[in-house]
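Trainee: Predicted model, plus sequence, below.
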Amino acid sequence: MIPTCPDCNQSMEEGFLLDETYGNRNPVYWVGEPPEKSIWTGLKLKEKDIRRVQAYRCPSCGLLKFYAHEPRS
Ligand SMILES: [Zn+2]
């Protein structure tokens, strides 16, 4: 199911958000809780609901739409 841009009425392209911190390439995830700082890891992760972020982009205006259906594997 490919979303359509609400402004241009065009089919959007699937992609994802990339984190390249410290030269590592990682996808960005959605986490089902507000961010809470940790001295050890940067952020605490209590919640088990962590999902892959699918980012759709409009080829015409560049608008992004995000979905988080699939659990992180
Ligand atoms: Zn558009």
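Mentor: Yep, it's here. Numbers count the residues shown, from 1 in each chain.
Trainee: Can you list the strands that the helix or strand of the chain with the lowest mean pLDDT pairs with?
Mentor: When the helices and strands of the chain are scored by mean pLDDT, DSSP states H and E, strand 42-44 comes last with a mean of 86. Using DSSP bridges, strand 42-44 pairs in its sheet with strand 36-38 (antiparallel).
Trainee: distance between the strand it pairs with and the chain's centre?
Mentor: In terms of Cα atoms, centre = their mean, to the nearest Å, the gap separating the centre of strand 36-38 from the centre of its chain is 20 Å.
Trainee: Now do it: everything it contacts.
Mentor: For strand 36-38, contacts defined as Cβ atoms under 8 Å, 6 or more residues apart in numbering pick out 43-44, 46. Glycine gets a C-beta too; all of them are placed from N, C-alpha and C.
Trainee: Swap in 6 Å and give it another go.
Mentor: Where contact means Cβ atoms under 6 Å, 6 or more residues apart in numbering, the residues beyond strand 36-38 that reach it are Lys44.
Trainee: in it, what's buried?
Mentor: Within strand 36-38, no residue counts as buried by 16 or more other Cβ atoms under 10 Å.
Trainee: any idea how far the residue most central in space within the chain is from Cys8?
Mentor: What sits nearest the mean C-alpha location of the chain, by Cα atoms, centre = their mean, is Val53, with 3.2 Å. Distance, Val53 to Cys8, using Cβ to Cβ, to the nearest Å: 22 Å.
Trainee: what about the nearest residue to Asp7 once chain neighbours are set aside, distance to His69?
Mentor: Spatially, and ignoring its direct neighbours in sequence, Asp7 is nearest to Cys61 (5.7 Å; Cβ to Cβ, 6 or more residues apart in numbering). Noted for Cys61: a distance of 24 Å to His69, by Cβ to Cβ.
Trainee: Over to Gly62?
Mentor: Taking Cβ to Cβ as the measure, Gly62 falls 23 Å from His69.
Trainee: quick one: contacts for the residue nearest to the centre of the chain?
Mentor: 17, 28, 30, 66, 68.
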